[in-house]
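S.K.: sequence? don't have it. structure:
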């Protein structure tokens with residue numbers, strides 16, 4: 001169903017403003033636009049109104065419909081957050097006089113603990129790629145860098161050789177919102193990078209040129225989906241049956257640092273979190289580990 005030109009134009013203007021003001025990625029902006037398009041179509045079909053003329057009751061009915069369809073509270077909260085940001089922008093631009101989302105409470109959601117591998121499981125995963133193959137050597141190097149630095153997968157696959165300083169042992173990362181940070185690599189990851197750059201990377205590329213640090217056999221950069229497939233493949237080889245996510249090694253990086261006594265604010269800086277509360281979730285993971293250790297080994301546990 002096609003949206004009225006005015007509504008479509010307002011949504012695009014909102015997305016442009018988010019990009020200008022907050023430097024959000026294309027994927028995030030597309031998700032915002034998709035959410036607003038969905039609620040716009042529902043309002044037109046079910047309430048015979050549009051996004052700019054909807055009132056609080058219209059939005060409450062929409063959220064109730066999402067719950068009826070079985071949408072998880074976290075996804076519903078994200079849709080409501082998107083609506084709130086849109087209406088705040090619309091209010092600022094003078095498109096509306098009142099924010100219909102202002103008095104709507106967000107659904108209560110629990111904050112799930114990120115799954116983290118044990119140190120032994122990480123070792124098994126790192127050992128899984130076949131080093132006799134150039135692509136297997138690349139995979140091992142990517143996993144080593146990921147675990148050593150705690151990068152997001154999107155940050156890892158977009159790395160370029162010039163972002164790595166092997167003399168200083170750091171990687172310069174461009175994170176969310178275009179924010180730059182320097183992250184230590186550690187001796188092990190540096191060793192793998194040196195070996196990869198000297199041989200396997202050249203073997204993968206042949207005579208082709210690729211600006212990305214970790215090219216595919218086609219001579220192009222790797223996608224998130226391709227790397228996610230590689231993680232799952234190597235996890236099977238390593239005998240790891242846990243549910244994994246693309247950020248599994250990022251979670252392990254943070255959890256293992258805290259387990260070994262790292263300061264929370266240092267971990268925050270290394271992960272590139274703008275808010276300490278985002279990093280604090282890892283303290284819960286570490287705390288659960290301590291409880292389990294106590295229960296297992298203490299005579300009165």
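M.R.: Okay, I see it. The structure presented is a predicted model; accordingly, all values stated were derived computationally and were not measured.

S.K.: how about the residue nearest the centre of the chain, phi and psi?
M.R.: What sits nearest the mean C-alpha location of the chain, by CA atoms, centre = their mean, is residue 152, with 6.2 Å. With angles defined as degrees, to the nearest 10, residue 152 sits at phi -70, psi 150.

S.K.: pLDDT value on it, please?
M.R.: Note for residue 152: predicted pLDDT of 85.

S.K.: any idea how far residue 38 is from it?
M.R.: Distance of residue 152 to residue 38, given as CB to CB, to the nearest Å: 27 Å. Every residue, glycine included, has its C-beta placed from N, CA and C.

S.K.: if I've got this straight, residue 106 is in a helix?
M.R.: No: Residue 106 is assigned coil when assessed by DSSP: H, G, I helix; E, B strand; the rest coil, not a helix.

S.K.: With adjacent residues omitted, what lies nearest to it?
M.R.: residue 77 (4.8 Å; CB to CB, 6 or more residues apart in numbering).

S.K.: which residues does the residue nearest to the centre of the chain contact?
M.R.: 175-176, 247, 250, 272 (CB atoms under 8 Å, 6 or more residues apart in numbering).

S.K.: Buried ones among the residues you listed?
M.R.: 175-176, 247, 250, 272 (16 or more other CB atoms under 10 Å).

S.K.: can you confirm residue 171 is in a helix?
M.R.: No: checked against three-state DSSP, residue 171 lies outside a helix; its state is strand.

S.K.: quick one: pLDDT of it?
M.R.: Looking at residue 171, the pLDDT reads 89.

S.K.: mind checking how far it is from residue 156?
M.R.: 9 Å.

S.K.: Mutual contacts of these two, please.
M.R.: residue 145.

S.K.: mind checking the SS state of the residue nearest to residue 106?
M.R.: Under three-state DSSP, residue 77 comes out as helix.

S.K.: Confirm for me that it is in contact with residue 107.
M.R.: Yes: Residue 77 is within contact range of residue 107, at 5.4 Å (criterion: CB atoms under 8 Å).

S.K.: Okay, buried residues for the host helix or strand of residue 268 please.
M.R.: Using DSSP states H and E, residue 268 falls within helix 264-271. Residues of helix 264-271 classed as buried: 267-268, 270-271 (neighbour count, 16+ other CB under 10 Å).

S.K.: for stretch 223-236, same thing?
M.R.: Neighbour-count burial for stretch 223-236 [16+ other CB under 10 Å]: 227, 230-231, 234-235.

S.K.: want to throw those into a markdown table with secondary structure, distance to residue 254 and pLDDT?
M.R.: Shown next, in a markdown table, are those (DSSP: H, G, I helix; E, B strand; the rest coil; distance: CB to CB, whole Å; pLDDT from 0 to 100):
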| residue | secondary structure | distance to residue 254 | pLDDT |
| --- | --- | --- | --- |
| 227 | helix | 19 | 92 |
| 230 | helix | 21 | 92 |
| 231 | helix | 17 | 90 |
| 234 | helix | 21 | 94 |
| 235 | helix | 19 | 92 |
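
S.K.: Any idea how many residues pack against residue 47?
M.R.: 16 (other CB atoms under 10 Å).

S.K.: what's it sitting at in phi/psi?
M.R.: Dihedral angles (degrees, to the nearest 10) for residue 47: phi -120, psi 0.

S.K.: Ok, residue 199 next?
M.R.: phi -130, psi -70.

S.K.: confidence score at it?
M.R.: pLDDT, read off for residue 199, is 93.

S.K.: ok, now which ones touch it?
M.R.: Counting by CB under 8 Å, 6+ apart, the residues that residue 199 touches are 134, 137.

S.K.: what about it, distance to residue 192?
M.R.: In terms of CB to CB, residue 199 sits 12 Å off from residue 192.

S.K.: Now do the strands in the stretch 151-300 of the chain.
M.R.: Ranges of strands within the stretch 151-300 of the chain are 164-165, 170-174, 180-184, based on DSSP state E, counting those that start in this stretch.
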